[in-house]
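Trainee: fold the following.
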Amino acid sequence: MTLRKTVEKLSESRVRTLVLWPTDQPYIVRDTGVRGLLLRKGLNRTTWHFYDETRIGHGERAYTSKVIGDASKITLAQARKQARKFAGRIAADRHEPGKRESVRFESAFADYIEHLQKRATDRGKPASWAANVVGLGKLHILPKWRKWSLAEMSANPKAVKEWHKTLTKNAGPTSANHCCRVIRAAYRLAKKENRSLPLHDPTSAVRWNAEKPRQAGLPFNQFAKWAKAWANIESPTRKAFALSGILTGCRPGELSRLKWGSVNCRARSIIISQTKTGDILVPMSWPIARALRLARDFARREKIESEWVFPARGASGHLVQFAGDLLPAHGHALRHIYKDVALAVGVDDFQQRLLMGHSLRGVSQKYLTQAVISLGPSLRASQAKISRHIVSLLIPGPFLAFTKLDSAKTYETSKKCSAAEDGAEGSGPSDRLDGQAFG
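Mentor: Sure, this is the predicted structure:
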């Protein structure tokens, strides 16, 4: 139905008459007293509206449509006052989208999750951060902001600031910061597709909490305790996983995705794929080879056929460290331990970053690959030094039963046999773990 439209300068008495006068056809009266103010006469009620159409350039127009309220309860003066506020915001280039044009945060959040998942897929990595963001959304973000539009959130930075303060008390400073970063990222992604959104994101007033890195290392005098707990782990697969973690310093999630096809015993190296910084080439020392051999021997005894070095049941098909093993340090803490040992034995920061797969600012992937190749012997020596020190800290203790060989003697054997191993034939990486170079 097309609404009949009229234009006149309204008065309070005229408005009261229109409110009380019945009609069988809806129509709109545009008030000439204030730009954009409309009185909509319906079959059942009469309401005040504000409507504005603004040219924003390049043949495009921006539309603002707002409901002011019931004309039987709001006077003409009050309606004009509210209409002037809307008009003032538009004049100050603060266009507010109407209901049809506005984007709800819930929709923007879903788009951001889809963006994270696609980016992970394109990089060949699991969407672990996307899963974390989904958890933060369900627990903290969506219960508060689900029904808010992005424009409303941008116009109320104080509300976001106060919510961040409350969340800091309830969930902790780090989680509060993460949630606000997610809101900021979702808003910026939505703004790329919707230029009508306000310039400032909703978190512009947030006072970010100071975040301190978790001290998750292990004092050197506690290594014997770790070795004792490690010896009591029932699962050989988890045993091998924990030992590989402390000896390589790899991120647990990345190490859990290690496949036998990435273990090259002839080159004495491991390739950790799908990491934050691309593929990582990890030199393989004899203790690392022993840890992998522990996983391989168990798989052979149990006749487990899997491409994963550390197979386990679950949707992902690979292992994540089990906290119930009661190790004094496990998971990502082993990465901190590895770095502490590297510092103790004098490995420089550049080699530490290469061995641990940290990003190198200002270094492109091309030059990074060249650096790994050119520093190959040096990196291998540094890896051997780190492994030797870790083993010396774990011995004496239950770890000695696993090594069975004196570390110094094994290293000497490794040097003598490495050349012979380079020319050896084998059916696969896991088979060559039996080479004399690794005891």
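Trainee: okay, now the unreliable bits of the chain?
Mentor: Scanning the chain for pLDDT under 70 picks out 1-2, 55-61, 92-102, 213-216, 274, 276-278, 313-325, 359-375, 396-439.
Trainee: excluding chain neighbours, what is closest to the residue nearest to the spatial centre of it?
Mentor: For the chain, residue 129 is the residue whose C-alpha lies nearest the centre (Cα atoms, centre = their mean; 3.1 Å). What sits nearest to residue 129 in space, not counting adjacent residues and going by Cβ to Cβ, 6 or more residues apart in numbering, is residue 116, at 6.0 Å. To be clear about C-beta, it is placed using only N, CA and C from the backbone, and glycine gets the same treatment.
Trainee: secondary structure element for the one you found, which one?
Mentor: helix 105-122 (DSSP states H and E).
Trainee: wait, is residue 13 part of a strand?
Mentor: No: counting by DSSP: H, G, I helix; E, B strand; the rest coil, residue 13 is located in no strand; its state is helix.
Trainee: strands of the chain, start to end?
Mentor: 4-8, 27-31, 37-41, 46-57, 60-70, 263-264, 269-275, 278-283 (DSSP state E).
Trainee: winner for burial among these?
Mentor: Comparing the strands of the chain by mean neighbour count (mean count of other Cβ atoms under 10 Å), strand 37-41 ranks first with a mean of 21.
Trainee: who's in contact with residue 71?
Mentor: The contact partners of residue 71, taken as Cβ atoms under 8 Å, 6 or more residues apart in numbering, are 15, 18, 19, 39, 45, 46, 47, 48, 79.
Trainee: could you report the separation of the first one from residue 26?
Mentor: Per Cβ to Cβ, to the nearest Å, residue 15 is found 16 Å from residue 26.
Trainee: between those two, who's got more neighbours?
Mentor: Taking other Cβ atoms under 10 Å, residue 15 and residue 26 do not tie; residue 15 has more neighbours (21 against 15).
Trainee: which one is that one nearest to, not counting chain neighbours?
Mentor: Using Cβ to Cβ, 6+ apart, the closest residue to residue 15 is residue 76 (5.1 Å).
Trainee: burial measure for the one you found, as a count.
Mentor: By other Cβ under 10 Å, neighbour count at residue 76 equals 21.
Trainee: is it true that it touches residue 12?
Mentor: Yes: between residue 76 and residue 12 there is a contact at 4.9 Å, judged by Cβ atoms under 8 Å.
Trainee: circling back: what is the helix holding residue 116 packed up against?
Mentor: helix 128-136, helix 142-145, helix 150-155, helix 173-193 (3 or more Cβ pairs under 8 Å, 6 or more residues apart in numbering; DSSP states H and E).
Trainee: returning to what we had before: of all the contacts of residue 71, which two lie farthest apart?
Mentor: The distance between the two most remote of the contacts of residue 71 (Cβ to Cβ) is 14.5 Å, for 45 and 79.
Trainee: what about these two, which has more around it?
Mentor: Neighbour tally, residue 45 and residue 79, criterion other Cβ under 10 Å: the higher count belongs to residue 79, 25 against 11.
Trainee: can you list the domain ranges for this protein.
Mentor: If you go by automatic domain parsing, the domain ranges for the chain are 4-91, 105-193, 220-438.
Trainee: need the contact list for residue 132.
Mentor: So residue 132 contacts nothing (Cβ under 8 Å, 6+ apart).
Trainee: could you number the chain from 16 rather than 1 from now on?
Mentor: All set: I'll call the first residue 16, so the last point we hit is now residue 147.
Trainee: state the distance from it to residue 153.
Mentor: With Cβ to Cβ as the criterion, residue 147 and residue 153 are 11 Å apart.
Trainee: and for residue 44?
Mentor: In terms of Cβ to Cβ, residue 44 sits 47 Å off from residue 153.
Trainee: related to what we said a few turns ago, any idea which of the helices and strands packed on helix 120-137 is most buried?
Mentor: Mean neighbour count (mean count of other Cβ under 10 Å) peaks for helix 165-170 among the helices and strands packed on helix 120-137, with a mean of 21.
Trainee: just checking, what packs against that helix?
Mentor: If contacts are counted by 3+ Cβ pairs under 8 Å, 6+ apart, helix 165-170 sits against helix 120-137, helix 188-208.
Trainee: rerun that using 7 Å as the cut-off
Mentor: Here helix 165-170 touches helix 120-137, going by 3 or more Cβ pairs under 7 Å, 6 or more residues apart in numbering; DSSP states H and E.
Trainee: list the contacts of the helix it packs on.
Mentor: Contacts with helix 120-137, where a contact means Cβ atoms under 7 Å, 6 or more residues apart in numbering, come from 141-142, 144-145, 148-149, 152, 157, 160-161, 163, 165, 168, 200-202, 204-205.
Trainee: go with 6 Å
Mentor: With Cβ atoms under 6 Å, 6 or more residues apart in numbering as the test, helix 120-137 has contacts from 142, 144, 145, 152, 160, 161, 163, 165, 201, 204, 205.
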